[in-house]
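**Q** Got a predicted structure here, sequence first:
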Amino acid sequence: MRTGTAVAAGLVLGAALDRGLGDPRRGHPVAGFGSAALALEKVIYRDGRGAGVVYEIALVGAVTTLGIGARAAVRGRRSGRDGSRTGSMALAGHRRSNAGRGRGSAGRAVGEILLTAAATWTVLGGTTLARTGREMADRLEAGDVVGARELLPSLCGRDPEFLDADGLARAALESIAENTSDATVAPLFWGAVAGVPALLAYRAINTLDAMVGYRNERYGRFGWAAARTDDVANVGPARVAGVITTVLAPVVGGKPAAAWRAWRRDGGKHPSPNAGVAEASMAGALGVQLGGLTQYRHGIEMRPTLGDGPAPRVRDLRRAVQLSEAVQLASVLAAAAVVFARR
C-alpha cells in the first residue's frame, strides 16, 4: 500500500472515530498540551513579543518534532542489500528479501493508518462542537437561559451574563461558524498537506492562539506570535471552508449566491482575516445577520455586521449545526481524495 493511500485511510478512520466517539472526557492529549503550555508560560512569561516568540517556537516545535519522530518510527528504515552476491544464492536471497519487504510494507502501511487515525481523532473537534451546539439550542428552546449561559464558555469566550436568549443563540452560531473551520477543515487541510506532523502542529498553533492570542493587557504583546501564527496557518483552510459552506448552502435551504455575496462583501470587515470568511459565508448561507455589539470578558467590541437578514434565533442555530456537519463530512472526503490522488 502506498503512503498516500495509508494517510488517506487514516484521515477517514480518524474522522469516523471523532464522529462516533467525540472528544474523550478525560485525558485528552490537547488538554495535556494546554497544561504543559500553561506551565511554560509561568516560567517564561514577559510582557514582550520576544518571550512570546520563544514560547510559540518551543511548544509548536516540540509537538511537530514528536509527530515527525512518530511517523519515522512507524515507517521504519529500508535497509539496503549487499550487491556482491551472485548466482543461486543471490536469487534465493532476493526472493526472501522481497517476501520480507512485502510483510514489512504491509506492517508499515497499517502503522501509518493507525498513527494518522489517532492523530486525526486527537485534533478534530467537530463532533463535540455539533453536540454542544445542539445542547445549547435545546436549553434555549426549553427557556433555560441560565443553563445556556453555563454552557456558552465551552463554545466561545463571550461573557454570558450579559446575553439574553437571542444573544446566546448568536454567540453560539458565530462560534460554530468559526470553529467548523478551526476544528475540522483546518486540521484536515494540514493533514492532507503533510500528514501527522502537520496535524499535530496545527492543533498546537490553534490551541496556543486560544490560550494567549488576545488583545488585552496581559497578552497583547506576549500573545502576538501565537495570534499571527494562527492567522497564517488558517489563511488557506478558512477559504476552503468558505467555499464548501457556499456550495452546501442548499442543505439548510440557503442559496450559494447569498453565501458568496456575504463572504465577498463582508468577510474582510471582521477583525480576523479568517473568522470573517467563515462567519460571513455561514451568515449568507443561513440568511441571517451576524456581528454587532459583542461582550467579551476583557471588554466590549463593536463588530461589523455580516450577512443580510434578521438576527439569528434558536432555529437558525440548529440549521448552523446541520450545515457545520455537512461541511465537516465534505472536508474529510476532500482531504482524503487529495492525499489519495497524490499517492
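**A** Ah, there it is.

**Q** residue boundaries of the strands in the protein?
**A** 290-296, 299-306 (DSSP state E).

**Q** what residues are up against Thr128?
**A** 22-23 (C-beta atoms under 8 Å, 6 or more residues apart in numbering). The C-beta positions use only the backbone N, C-alpha and C, and glycine is treated the same way.

**Q** Show me the helices in the chain, by range?
**A** Using DSSP state H, the helices assigned to the chain run over residues 3-21, 29-44, 49-75, 87-123, 126-141, 145-151, 165-180, 186-212, 224-233, 235-247, 256-266, 275-286, 314-341.

**Q** and these, which is most packed in?
**A** Between those, helix 275-286 has the highest mean count of neighbours, a mean of 30, where neighbours are mean count of other C-beta atoms under 10 Å.

**Q** gap between Leu306 and Ala9?
**A** Counting by C-beta to C-beta, to the nearest Å, the gap from Leu306 to Ala9 is 38 Å.

**Q** next one: Val30
**A** In terms of C-beta to C-beta, Val30 sits 23 Å off from Ala9.

**Q** Same question for Ala238.
**A** In terms of C-beta to C-beta, Ala238 sits 26 Å off from Ala9.

**Q** now do Asp47
**A** Counting by C-beta to C-beta - Asp47 and Ala9 are separated by 47 Å.

**Q** same thing with Glu135?
**A** Taken as C-beta to C-beta, the span from Glu135 to Ala9 is 32 Å.

**Q** And for Ala259?
**A** Relative to Ala9, and taking C-beta to C-beta, Ala259 is found at 32 Å.

**Q** Please apply the same query to Val338.
**A** 14 Å.

**Q** ok, now Leu329?
**A** For Leu329 relative to Ala9 (C-beta to C-beta), the value is 16 Å.

**Q** next one: Phe162
**A** Taken as C-beta to C-beta, the span from Phe162 to Ala9 is 47 Å.

**Q** So, low pLDDT: which residues of the stretch 101-250 of the chain?
**A** Residues of the stretch 101-250 of the chain meeting the criterion pLDDT under 70: 101-104.

**Q** Report the contact partners of Ser181.
**A** 234, 237-238, 241, 274-275, 277-278.

**Q** of all the residues you listed, which comes closest to Tyr219?
**A** Ala275 (17.5 Å; C-beta to C-beta).

**Q** Run a quick check on that closest one versus Glu178, I expect a contact.
**A** Yes: with contact defined as C-beta atoms under 8 Å, Ala275 and Glu178 form a contacting pair (4.7 Å).

**Q** Phi first, then psi, for Gly287.
**A** When read as degrees, to the nearest 10, the backbone of Gly287 gives phi 70, psi 30.

**Q** who touches it in this structure?
**A** Gly287 neighbours (C-beta under 8 Å, 6+ apart): 254, 258, 307-309.

**Q** So which of these wins on neighbours?
**A** Gly307 (25 neighbours; other C-beta atoms under 10 Å).

**Q** Alright, that wraps it up for me.
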